[in-house]
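Enquirer: requesting a structural model of the entry that follows:
(chains A, B and C)
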Amino acid sequence: MGALLTRDLALAVKAGGGFGLSLAFFLIVVTLVPFGVGPETGRLAEIAPGILWVGALLACLLSLDRLFQLDWEDGSLDLLAVSPLPMEGVVATKALAHWITTGLPLTLAAPVLGLLLNLPGPGYLWLLVSLALGTPALSMIGAFGAALTVGLKRGGLLLSLLVLPLYVPTLIFGAEVVRRAIDGQAFATPLAMLAGLTLATLALLPFAAAAAIRINLR
Amino acid sequence: MSIWEYANPVRFMRTSAVLLPWVTGLAVLALGAGLVWGFFFTPDDFRQGSTVKIIYVHVPSATMAINIWAMMLITSLIWVVRRHHVSVLAAKAAAPVGATMTAIALITGAVWGQPMWGTWWEWDPRLTAFLILFLFYLGYMALWAAIENPDTAADLTSILCLVGSVFAVISRYAINFWNQGLHQGASLSLDKEENVADVFWQPLVISLAGFFFLFLALLLVRTRTEIRARRLMALKARERLA
Amino acid sequence: MRLSVHDLACRRGGLPVLAGVSFTVEAGEALVLRGPNGVGKTTLLRTLAGLQPAAAGRVEVPEDSIAYAGHADGLKAALSVRANLAFWAAAYGTRDIAPALAAFDLERLLDRPAADLSAGQKRRLGLARMTVTGRPVWIFDEPTVSLDTANTRLFAEMVARHLAGGGLALMATHIDLGIAAQVLDLTPFRDTGTGGPEAGAGDAFLDGSF
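Expert: Just a heads-up that it's a prediction; the model follows:
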């Protein structure tokens, strides 16, 4: 598993696209919003938590279709399936590599982009915390979607259609944490729900995703 | 003879051919009776006026929208566990009907909401949950359409249906948490205190039966079509190999 | 160590391809599959490797004993020869890539990215990967494609060493490698689904009349 993680990270770094592209996408989304809704800082501050969460979620989606596609095309996925590594572990490791190259940078960049949207003071810390807790679930759910569509020629669009509805609960709890923190309300409940959701996703979805991959390899 | 005999396509075709006219007849009767009674022979509500009559379409379609997904979940599970082709084809056949029911529930909900709440669309938990359900139906159908090999498609859509069901339930709770909403409570529940008045209730139950039989008739027709399509595919493949 | 196949039937894309395939390969033996294109060699090998389920029959082989090399080499273009091999060595829990490098004369290419290898060199790397798996049953699908004569000989030597060490090998190839091997022509096992009234038996959509 460790070897697979190192390999995927090395590939992401060498391919160059991984880190940079989704961060740039996140930046662009956040930049476009004020053009759409107007430059008043009060209004931007109000919608900032939602924009940052939705932006991070879309940026996360961007690189998902390559998660298994490259390994599928060059035959590695067949070889991994025959190897001693359990497919569930392969899926979980690849989701982890995806998180490290996408979710983690997005989480770290979010507070900086928060400045652009005039995110109110208490929001920064909890934006960071909620994204750190929520983005692993986004990667894992995305890996499930990628596993379903791995054999398809134009899977990218379908992948979004399959994955986005599954992102709804994570988005709701994640953005709610930040909103409540800013309004000075108690946010322990959504935070706990977010963490629980992520843990349950990480525990269960690798099995569904691995089953989907095995079916696609047949 | 066990119930699994009907999972054989040939048996299913024979049985469904006999059932179909009866189910269709029941659908026409119940739907006609329920809607005519509901639209023309019930009094206006003292607060909602005649707008309330949309309940005879809105509530049954919403009920069917959820239950059709539940049926797809069960038939997908049967496919995963017992590999009965008819079961998963029934799920495939049910999806567009379920999506249409969801769309009807959403549209009638908007039409009802406009005079009552003063807005076509309200991000109310129930409405939002139905919108999400609609997206799940779309995803399910799109996955079926995208995969060429029918057995692969059956397996993958079944997995999506199982996972999607879990997420649909979580989404429902998350949405409740997110917004408390304007929607009235359940229109039909076993708790009599909660129920709509009896004059509205009786035609509603008949419309509900009408929608159910309508779904059953559509399901039979569509499943028969799917089975024929699969047989055609198998025959063509055999011819190609010969 | 032995691989035995009893009355195996395979399907490809939901269609019957092969039926009634039976054979046994003992330790130290090799089996070469022959037959025209489309007869089902790849399907059979993938079934044996466990990548797809058998439609009928059974395969008896000790658990976790199979290594598979398909049409694609599974190489990562951005990684060096060393990194590619080291990854598979780690995946199989063997650390030493030296024998694999030696088998195909890859030492000179050690630090070159796989992207810069020629088709033949990529194939050599893909085949050398089998050595680092440390598994006794090797399955090859058209292993000699894009190999020149010298490297085909290296491949034959690698397989011969593996057999001498008590391993066994199955491969689909049209080239005579000069290794003592059973040859199995798959043509008679073709399942065209047109063999009389029982044609397509087992396919729920071909049974009976509608």
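
Enquirer: report the secondary structure state of C:Ala72.
Expert: coil (DSSP: H, G, I helix; E, B strand; the rest coil).

Enquirer: ignore the last one, A:Met140
Expert: helix.

Enquirer: and it, how far from chain C?
Expert: A:Met140 is 22 Å from chain C, where distance means Cβ to the nearest Cβ, to the nearest Å. The C-beta positions use only the backbone N, C-alpha and C, and glycine is treated the same way.

Enquirer: residues from chain B in reach of chain C?
Expert: When proximity is defined by Cβ under 8 Å from any Cβ of the partner chain, chain B lies next to chain C at B:8-10, B:13, B:85, B:148-151, B:227-228, B:230-231, B:233-235, B:237-238, B:241-242.

Enquirer: list buried residues within those.
Expert: Buried members of the residues of chain B next to chain C, scored by 16 or more other Cβ atoms under 10 Å in any protein chain shown, are B:8-10, B:13, B:85, B:149-151, B:227, B:230-231, B:234, B:237-238, B:241.

Enquirer: from those, which one has the minimum pLDDT?
Expert: pLDDT across these is lowest for B:Leu241, at 68.

Enquirer: isn't A:Lys51 right up against A:Asn118?
Expert: Careful, residue A:51 is Ile; it's not Lys. No. Counting by Cβ atoms under 8 Å, A:Ile51 stays clear of A:Asn118, with 11.0 Å between them.

Enquirer: quick one, which of the two is more surrounded?
Expert: A:Ile51 (24 against 16; other Cβ atoms under 10 Å in any protein chain shown).

Enquirer: so who does that one touch?
Expert: A:29-30, A:33, A:117 (Cβ atoms under 8 Å, 6 or more residues apart in numbering or on different chains).

Enquirer: can you confirm C:Ile139 is in a helix?
Expert: No. Per three-state DSSP, C:Ile139 lies outside any helix segment and is strand.

Enquirer: all helices of chain B, in order?
Expert: B:9-40, B:55-82, B:85-117, B:125-146, B:150-178, B:198-241 (DSSP state H).

Enquirer: tell me how far the third one lies from the chain's centre.
Expert: For helix B:85-117, the distance between its averaged C-alpha position and the chain's averaged C-alpha position is 6 Å (Cα atoms, centre = their mean, to the nearest Å).

Enquirer: and the fifth one, by the same measure?
Expert: The chain centroid and the centroid of helix B:150-178 are separated by 15 Å under Cα atoms, centre = their mean.

Enquirer: kindly report the same for the first one.
Expert: Centroid separation for helix B:9-40 versus its chain: 15 Å, with Cα atoms, centre = their mean.

Enquirer: quick check: angle from it to helix B:85-117?
Expert: 10 degrees (axes from the mean of the first three to the mean of the last three Cα atoms, to 10 degrees).

Enquirer: in helix B:9-40, what's buried?
Expert: Residues of helix B:9-40 classed as buried: B:9-10, B:12-13, B:16, B:23-24, B:26-27, B:30-31, B:34-35, B:37-38 (neighbour count, 16+ other Cβ under 10 Å).

Enquirer: just these now: which is nearest chain C?
Expert: Proximity of the buried residues of helix B:9-40 to chain C was ranked by Cβ to the nearest Cβ; the top entry is B:Val10 with 4.1 Å.

Enquirer: would you mind measuring from the closest one to B:Val23?
Expert: According to Cβ to Cβ, to the nearest Å, B:Val10 and B:Val23 sit 20 Å apart.

Enquirer: okay, the contacts of A:Ile51 in CSV with pLDDT, secondary structure and neighbour count next?
Expert: Formatted as CSV, those follow (pLDDT from 0 to 100; DSSP: H, G, I helix; E, B strand; the rest coil; neighbours: other Cβ atoms under 10 Å in any protein chain shown):
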residue, pLDDT, secondary structure, neighbour count
A:Val29, 93, helix, 18
A:Val30, 93, helix, 23
A:Val33, 92, helix, 20
A:Leu117, 90, coil, 24
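
Enquirer: will you turn those residues into TSV that also has distance to chain B?
Expert: Shown next, in TSV, are the contacts of A:Ile51 (distance: Cβ to the nearest Cβ, whole Å):
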residue	distance to chain B
A:Val29	21
A:Val30	22
A:Val33	19
A:Leu117	21
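
Enquirer: spell out which parts of chain B neighbour chain A.
Expert: B:132, B:135-136, B:138-139, B:142-143, B:146-147, B:152, B:155-156, B:159-160, B:162-164, B:167, B:170-171, B:173-175, B:177-178.

Enquirer: quick one, domains of chain C?
Expert: Structural domains assigned to chain C are C:1-65+C:136-210, C:74-134, following automatic domain parsing.

Enquirer: chain B: which of those domains is closest?
Expert: domain C:1-65+C:136-210 (4.1 Å).

Enquirer: average pLDDT for the helix or strand hosting A:Leu205, rounded please.
Expert: Element membership for A:Leu205 (DSSP states H and E) is helix A:188-217. For helix A:188-217, mean pLDDT is 94.

Enquirer: can I assume A:Gly50 is in contact with A:Gly174?
Expert: No. A:Gly50 lies out of contact with A:Gly174 (Cβ under 8 Å); the separation is 9.8 Å.

Enquirer: who has more neighbours, those two?
Expert: Per other Cβ under 10 Å, whichever of A:Gly50 and A:Gly174 has more neighbours is A:Gly174, with 33 against 17.

Enquirer: quick check: closest non-adjacent residue to the residue of chain A found nearest chain C.
Expert: Closest approach between chain A and chain C, counting by Cβ to the nearest Cβ: A:Gly75, at 2.6 Å. The shortest distance from A:Gly75 to any non-neighbouring residue, by Cβ to Cβ, 6 or more residues apart in numbering or on different chains, is to C:Ala72 (2.6 Å).

Enquirer: any low-confidence regions in the chain?
Expert: Since you didn't name a chain, this refers to chain A. Across chain A, the ranges flagged by pLDDT under 70 are A:16-19.

Enquirer: right idea, wrong chain: chain C
Expert: In chain C, residues with pLDDT under 70: C:192-203, C:207-210.

Enquirer: which stretches in it count as helices?
Expert: Per DSSP H, chain C carries helices over the ranges C:41-48, C:81-91, C:98-103, C:119-133, C:149-164.

Enquirer: now tabulate the ones you listed in TSV and tack on distance to B:Val52 and mean neighbour count.
Expert: Output for these, formatted as TSV (distance: least, Cβ to Cβ, whole Å; neighbours: other Cβ atoms under 10 Å in any protein chain shown):
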stretch	distance to B:Val52	mean neighbour count
helix C:41-48	62	22
helix C:81-91	66	22
helix C:98-103	78	18
helix C:119-133	71	23
helix C:149-164	80	17
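
Enquirer: need those in TSV with distance to chain A, can you?
Expert: What follows is those, written out as TSV (distance: least, Cβ to the nearest Cβ, whole Å):
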stretch	distance to chain A
helix C:41-48	8
helix C:81-91	3
helix C:98-103	14
helix C:119-133	8
helix C:149-164	17
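
Enquirer: residues in contact with the nearest residue to A:Asp71 once chain neighbours are set aside?
Expert: Distance criterion Cβ to Cβ, 6+ apart; nearest residue to A:Asp71, sequence neighbours excluded, is A:Leu77 at 4.3 Å. Applying Cβ under 8 Å, 6+ apart, we find A:Leu77 in contact with A:68, A:71, A:150, A:213, A:217.

Enquirer: A:Leu77: which element?
Expert: Element membership for A:Leu77 (DSSP H and E) is helix A:76-82.

Enquirer: off-centre distance for that helix?
Expert: 25 Å.

Enquirer: what's the next secondary structure element after that helix?
Expert: That would be, after helix A:76-82 and using DSSP H and E, helix A:87-98.

Enquirer: what angle do helix C:81-91 and that following helix make with each other?
Expert: Using the same axes, to 10 degrees: helix A:87-98 against helix C:81-91 is 130 degrees.

Enquirer: tell me the buried residues in helix A:87-98?
Expert: Buried-residue list, helix A:87-98, by 16+ other Cβ under 10 Å: A:87-88, A:90-98.

Enquirer: next, count neighbours for B:Asn179.
Expert: As a burial measure, B:Asn179 scores 14 neighbours (other Cβ under 10 Å).
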